[in-house]
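**Student:** this is a predicted model, with the sequence first.
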Amino acid sequence: MAKIPWQEKPEDCDNVLWRYTHNPIIDRYGIPSSNSIFNSAVVPFENGYAGVFRCDNKAVQMNIFAGFSKDGLHWDINHHPIAMQAGNTSMIESDYKYDPRVVFIEDRYWVTWCNGYHGPTIGIAYTYDFKEFFQCENAFLPFNRNGVLFPSKIGNRYAMLSRPSDNGHTPFGDIYISFSPDMKYWGEHRCVMKVTPFEQSAWQSCKIGAGTVPILTHEGWLIFYHGVINTCNGFRYSIGSAILDEKEPDKVKYRSQPYLLAPAELYEQVGDVPNVVFPCAALHSIEEDKIAIYYGAADTVTALAFGHISKILDFTKNNSL
């Protein structure tokens, strides 16, 4: 595997995560048709990286595109959206696709996204080469967003985090987990995490949603999620962390009270939707104790932040709700 993108922590930084100094790594006009490129997912692939990118066009139609990179920083994104073939279903119609996640499980790469089918739900597809994609049955009834698969089976079943929601710009939402024997039929829905009381942790008091693919550590499953506060100036999205039990991931062992990253830079505060940092992917190396988190900024561009896994685990445990 290629080395994950990395930049050492600045000497004057006291935070657990620090931003890449050359952010954003993908501009809103990264392909000819795009109005914005954000909330996208990347994974190691061959001698470099591949990804699935949310590219809204200049009619502000939402769709997902494949892309490739040698270093995880400089990306060649296809100029045409992914054309799905039938996977385990013949029903692959979609009004829109956005906010993808990608994970390798067993023998293929699985893609989840918010799929437009009479409202937002969770779409699923798989690919072996990021050239041909096979769409499967939607996981859930509308309305749902932020579907994130675990990278391995739990108790011989696939597992997915999601956030049941509504058909609008959802002003509420908690994180649930669901299980499937075959990546087609999903059930055993369990609540994992709910929003917090405003006085306890205001940045995540309105709604929360799963972000990056869970990472298995010696403490359990490390997840990064977005939390939202409803301010007098609208929603503000920040990034937090939690540790779930390895064998029973509906049980939260630790959950950060303070956020890890919140909108502070101009590219995070100003854009199509201001004041948003939204995690969708993380490249990591347990051996090197490094993580690189890809996040959408202001629903406009793609940015990158770094951290040490051990420090993030300590932060989450020592500042837990």
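**Tutor:** Done, it's in. Residues are numbered from 1 along each chain as shown.

**Student:** quick one: the strands in the stretch 201-321 of the chain, in order.
**Tutor:** 207-210, 215-217, 220-231, 234-244, 252-255, 277-285, 290-297, 301-307 (DSSP state E, counting those that start in this stretch).

**Student:** out of the ones you listed, nearest to P24?
**Tutor:** strand 301-307 (3.7 Å; Cβ to Cβ). Every residue, glycine included, has its C-beta placed from N, CA and C.

**Student:** just the CA coordinates of that closest one, formatted as CSV?
**Tutor:** In CSV, the C-alpha atoms belonging to strand 301-307 read as follows (Å, rounded to 0.1, in the frame of the first residue of the first chain):
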residue,chain,number,x,y,z
VAL,A,301,-14.4,21.6,-1.3
THR,A,302,-12.5,18.6,0.1
ALA,A,303,-10.0,19.0,2.9
LEU,A,304,-7.7,16.9,4.9
ALA,A,305,-6.7,16.6,8.6
PHE,A,306,-4.1,14.5,10.4
GLY,A,307,-3.7,12.9,13.8
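
**Student:** mean confidence (pLDDT) on that strand, please.
**Tutor:** Model confidence over strand 301-307, given as mean pLDDT, is 98.

**Student:** where does the protein dip in pLDDT?
**Tutor:** 1 (pLDDT under 70).

**Student:** residue closest to the middle of this structure?
**Tutor:** C280 (2.1 Å; Cα atoms, centre = their mean).

**Student:** wait, isn't it in contact with G51?
**Tutor:** No. Using Cβ atoms under 8 Å, C280 makes no contact with G51, being 9.6 Å away.

**Student:** now do the shared contacts for those two.
**Tutor:** Taking Cβ atoms under 8 Å, 6 or more residues apart in numbering as the contact rule, the neighbours common to C280 and G51 are S40, A41.

**Student:** what's near enough to touch the residue nearest to the centre of the chain?
**Tutor:** N39, S40, A41, D99, P100, R101, G211, T212, Y294, Y295, G296.

**Student:** widest-spaced pair of the residues you listed?
**Tutor:** Pairwise distances across these (Cβ to Cβ) peak at 13.6 Å, for the pair P100 and Y295.

**Student:** compare these two and say which one has the larger neighbour count.
**Tutor:** Taking neighbours as other Cβ atoms under 10 Å, P100 and Y295 compare with Y295 leading, 31 against 26.

**Student:** wait, the more buried one touches A303, no?
**Tutor:** Yes. Contact status for Y295 versus A303: in contact at 5.6 Å, counting by Cβ under 8 Å.

**Student:** mutual contacts of the two, please.
**Tutor:** V277.

**Student:** excluding covalently adjacent residues, which one is nearest to V301?
**Tutor:** P24 (3.7 Å; Cβ to Cβ, 6 or more residues apart in numbering).

**Student:** buried ones in stretch 43-50?
**Tutor:** V43, F45, Y49, A50 (16 or more other Cβ atoms under 10 Å).

**Student:** swap that for stretch 50-68, sorry
**Tutor:** Across stretch 50-68, burial judged by 16+ other Cβ under 10 Å covers 50-56, 62-68.

**Student:** run a quick neighbour tally on P32.
**Tutor:** 8.

**Student:** could we number from 12 for the rest of this?
**Tutor:** Renumbered: residue one is now 12, and that last one reads P43.

**Student:** could you pull out the helices for the chain?
**Tutor:** 277-280, 320-329 (DSSP state H).

**Student:** ok, which of the ones you listed comes nearest I42?
**Tutor:** That would be helix 277-280 among the helices of the chain, by Cβ to Cβ, at 18.5 Å.

**Student:** who are the packing partners of that closest one?
**Tutor:** strand 312-318 (3 or more Cβ pairs under 8 Å, 6 or more residues apart in numbering; DSSP states H and E).

**Student:** contacts for the strand it packs on?
**Tutor:** Contacts for strand 312-318 (Cβ under 8 Å, 6+ apart): 16-18, 20, 27-31, 34-39, 47-49, 51, 64, 84, 271-272, 278-279, 282, 288, 301-308.

**Student:** what's the offset of that strand from the middle of its chain?
**Tutor:** Distance of strand 312-318 from its chain centroid, counting by Cα atoms, centre = their mean, to the nearest Å, is 12 Å.
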